[in-house]
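[1] have a look at this prediction, sequence included:
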Amino acid sequence: MMTVQVTRNELGAPDRPPAPADARLPQYAQALAQESVVRTWEFYRRSAVAAQGAAKLLTEVAETAWGSARLLNDKAARNVAANAEATFNVAEACARAASLQEIAALQGDFVRSMLAATSDQAKEFVDLSARAAQHVIETMQGATVRLLRTEL
């Protein structure tokens, strides 16, 4: 009976027996390994292209969204400035008024004009918001279609 002595490495696991010097992989194993590398490389290449396309898509959408947000912000700032100017104009007129009746009339007119202006501003802002959102959606759709066309 033959006894095989097993040596252990520093972790206590059995050492592998040395491979014969003339050991060769079968041809089908080499072909499979080579095909796997080619397919993995192709998958990586397509994934990298898709990631770059997605990054461009996100940049385009973000720029469109930022432009829309800036447009809405500018509109809101103009509305606030117009409303503040109207308020100061009425305050000046009230300060020059000769009677309480004139002040009450000025304030009544101001409230009516501000309600109308605020209503118009709100309608315009909602319309502008809807158009901005539609523009962002159209940008997303267009960019997605372009990305998918380049991937196919």
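    Sure thing, it's come through. All of these numbers come straight from a predicted model, not from anything done at the bench.
[2] span of stretch 16-23 from start to end?
    One end of stretch 16-23 to the other measures 15 Å (Cα to Cα, to the nearest Å).
[3] just use 280 as the starting number from now, easier for me
    Sounds good: first residue 280 from here, last item stretch 295-302.
[4] mind giving me the packing neighbours of the helix or strand residue 346 falls within?
    Take DSSP states H and E as the rule and residue 346 turns out to sit in helix 306-375. Contact here means 3 or more Cβ pairs under 8 Å, 6 or more residues apart in numbering; DSSP states H and E; on that basis helix 306-375 packs against helix 379-430. Every C-beta, even on glycine, is put in place using the N, C-alpha and C of the backbone.
[5] next, the angle from the helix holding residue 346 to helix 379-430.
    Helix 306-375 and helix 379-430 meet at an angle of 170 degrees, taking axes from the mean of the first three to the mean of the last three Cα atoms, to 10 degrees as the criterion.
[6] helix 306-375 - what's its average pLDDT?
    Computed over helix 306-375, the mean pLDDT rounds to 92.
[7] got it, and stretch 399-415?
    According to the model, stretch 399-415 has a mean pLDDT of 93.
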